[in-house]
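Participant: Next comes the sequence, and after it the predicted model I'd like to discuss.
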Amino acid sequence: MKRKIGILTSGGDCPGLNAAIRGVAKASYELFDAEFIGIADGYRGLIEGDYRTMKRREFSGILTLGGTILGTSRRPYRNMRVIEDDNVDKVAAMKANYKKMGLDCLVTLGGNGTHKTANLLSEEGLNVIGLPKTIDNDIYGTDVTFGFHTAVDIATGVVDRIHTTANSHGRIMVIELMGNKAGWLTLYAGIAGGADIVLLPEIPYNMDSVIASIEHRIETGHGFTIIVVAEGAYDKALGSKRKERAAKLAENNFASGSHYLAHQIESITGLETRVVVPGHYQRGGSPSPYDRLLSTQFGSYAAHLIRDENYGQTVAMINGRVTSNPLKIAASQTKFVPIDHQMVQCGRDIGICFGE
Ligand code: F6P
């Protein structure tokens, strides 16, 4: 049985993409007569017809490699359905290139945006299989995405190192972590790193509660405080509308919510406060062993879906078992941290302040 498979990586990169590509390819070569077409830079390559046939040996030696050998792009065209000034019908172009390549299926590795487009293409009649990647861990329908745990390891390493300098200087350290609108990375790295205050987008914080927690630490003999704040977290007082909050921060020349937070803390308490933003460092480099295993498992499961012609699915981990969900499930919503999640509850139990 012969299968011609197009493969692309789309959206922000993360550790484990190459391991997953390798997993799909190696398992496919074992399971059936596979041929791979590598599509460059995600949906850009599919729209513009930028692709090439890949050789089997290209999938070797990439297990530990960070980034993506296929290249990626984030929303190369803002809305796939809308025909903008460029006059290109993106969906028609993708369908035409799929046909031109003679594909039996398309494998897309990506996050929420990627899954929305994958689902759209599936609804348009293409055979599509998704794999959930993102350091944000915010894809609906899977307990975990690959890339997440490596980012937790990296971010935890940052929190660990910040502890020693915070302690030496007796400072308040505000560490801004990635995660887009979800707080998974901050929650996990915050607890793993022993942070004192953890601020998540899902729990808009109350400044009085943050200040009270810092003051309590001082009263109980702790000279420093570590705050991890998700990039999407916000002060309740700034309101729930994202755009309005961003405008207020920009008016006052705050580069981000963490700079605003540090400024408030310093002006209210008089305590020296610093901001640390590890940024894209959290997505760089080699995947952890956990993510190598997860990516390989997800990749090989995708090969089974291809063999069985079980298309329109995305690979998922549910209650510790690798399985799949219809693409439309993953595309339907974002997976946020439930405010009564066991890990949040565990944080509360050990005295972490969530700014509530
Ligand atoms: O989705 C992954 C992520 O790293 C988010 O955590 C972050 O908000 C965003 O991507 C950053 O995007 P970019 O890579 O476009 O700067």
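Facilitator: Yep, it's here.

Participant: List phi and psi for the spatially most distant residue from the centre of the chain.
Facilitator: Most distant from the centre of the chain: Glu219, at 38.0 Å, with distances by CA atoms, centre = their mean. Note on Glu219: its backbone torsions stand at phi -60, psi -30 [degrees, to the nearest 10].

Participant: so who does it touch?
Facilitator: Glu219 is in contact with no residue at all, counting by CB atoms under 8 Å, 6 or more residues apart in numbering. Placement of C-beta: from N, CA and C, glycine included.

Participant: what about the helix ranked longest in the chain and the ligand, touching?
Facilitator: In the chain, with assignment by DSSP state H, the single longest helix is helix 148-169. No: Helix 148-169 lies out of reach of the ligand by CB under 6 Å from any ligand atom, never closer than 8.2 Å.

Participant: For that helix, buried residues please.
Facilitator: Across helix 148-169, burial judged by 16 or more other CB atoms under 10 Å covers 148-159, 162-163, 166.

Participant: Stretch 1-15 too?
Facilitator: So for stretch 1-15, counting by 16+ other CB under 10 Å, buried means 3, 5-15.

Participant: got it, and stretch 196-209?
Facilitator: In stretch 196-209, the ones that count as buried by 16+ other CB under 10 Å are 196-207.

Participant: Please apply the same query to stretch 347-356.
Facilitator: Of the residues in stretch 347-356, 347, 352-355 count as buried by neighbour count, 16+ other CB under 10 Å.

Participant: Next: stretch 257-271.
Facilitator: Buried residues in stretch 257-271, counting neighbours by 16+ other CB under 10 Å, are found at 257-265, 269, 271.

Participant: wait, does it make contact with the ligand?
Facilitator: No: for stretch 257-271, no contact with the ligand is found by CB under 6 Å from any ligand atom; the gap never falls below 12.2 Å.

Participant: just to revisit the earlier point, let me know the closest of the buried residues of stretch 257-271 to the ligand.
Facilitator: Gly257 (12.2 Å; CB to the nearest ligand atom).

Participant: wait, what's in contact with the closest one?
Facilitator: 176, 229, 231-235, 245, 249.

Participant: Backbone dihedrals for it, both of them.
Facilitator: Torsion angles, degrees, to the nearest 10, at Gly257: phi -60, psi -30.

Participant: next structured bit after the helix or strand hosting Gly6?
Facilitator: Using DSSP states H and E, Gly6 maps to strand 2-9. As assigned by DSSP H and E, the chain's next helix or strand after strand 2-9 is helix 17-31.

Participant: other SSEs contacting the helix or strand following that next one?
Facilitator: Later in the chain than helix 17-31, the nearest helix or strand by DSSP H and E is strand 33-39. Where contact means 3 or more CB pairs under 8 Å, 6 or more residues apart in numbering; DSSP states H and E, strand 33-39 is packed against strand 2-9, helix 17-31, strand 51-53.
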